[in-house]
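K.L.:
Prediction below, plus the sequence it came from.
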Amino acid sequence: MKSSISVRLVKVDDALDMLAIYGPLVLNTATSFETEVPTLSSFEERIKAYSEKAPWLVAEIQGKVVGYAYATDHRSRQAYQWNQEVTVYVHPEYRKLGIAKKLYLLLLDMLKAMNFCKAIAVITLPNDASIGFHRALGFMHIGEMKNIGYKNGNWYNTSWWDLDLNANQSAPKEIVPIKAVLSKYELTRS
């Protein structure tokens, strides 16, 4: 089944399929600190906004959306502009097939091509699988925030990880717009 995984750019029409993956995580876990499942229209707006600046990728198996990964600004202040927070979600029935890795490797490569310097991952604890996944991809543990999120009657810690994308620069290069790097990749919105 691994060989039948295809990755493409997100479309607004993917919102419903992605909410089918994301919604149960919002309702039943602390993986996301959202406490209410976004409406379809708000999720569509999120797709439009995020995918204008950075990659948002979708994985499919036989035409079914089985996972997605995207990058967003880590913080809004100007000095943070070379850093992106990265996220990946995979449908529970399709985990352990290499989908998250395939999505992340492409996402990280695209961010590097855009001249971003760091990818940052924030993992709600406990989550040994996600920690192992990020460590295997070269992310380094940079800290932990204690009792930072309260959800479903519990306080949660988060573990912070970063990956150098364009290290050893005396000054960062100008960010290349997403549209300018897409030609390097064989991706479609179909």
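P.N.:
The structure has been received and is ready for your questions. Everything numeric in this text was worked out from a predicted model, so none of it was measured. Numbers count the residues shown, from 1 in each chain.

K.L.:
okay, which residue is most central for the chain?
P.N.:
Centre of the chain computed as the mean C-alpha position; nearest residue by Cα atoms, centre = their mean is Thr87, 2.1 Å away.

K.L.:
The residue nearest to that residue when sequence neighbours are not counted bridge partners, please.
P.N.:
Closest residue in space to Thr87, ignoring its immediate chain neighbours: Tyr70 at 5.9 Å, by Cβ to Cβ, 6 or more residues apart in numbering. In short, each C-beta sits where N, CA and C put it, glycine included. Beta-bridge pairing of Tyr70 under DSSP bridges involves Trp56, Thr87.

K.L.:
Report all helices and strands that the strand or helix carrying Tyr104 contacts.
P.N.:
Element membership for Tyr104, per DSSP states H and E: helix 99-113. On a contact count with 3 or more Cβ pairs under 8 Å, 6 or more residues apart in numbering; DSSP states H and E, helix 99-113 meets strand 5-9, strand 56-61, strand 64-73, strand 83-90, helix 178-181.

K.L.:
which ones are touching Arg46?
P.N.:
When contacts are counted by Cβ atoms under 8 Å, 6 or more residues apart in numbering, Arg46 touches Pro38.

K.L.:
what ranges of this structure fall below the confidence cut-off?
P.N.:
Along the chain, segments meeting pLDDT under 70 span 1-3, 188-190.

K.L.:
related to what we said a few turns ago, let me have the helices and strands packed on helix 99-113 in CSV, adding distance to Thr35 as columns.
P.N.:
Compiled in CSV, these are given as follows (distance: least, Cβ to Cβ, whole Å):
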stretch, distance to Thr35
strand 5-9, 29
strand 56-61, 23
strand 64-73, 19
strand 83-90, 17
helix 178-181, 30
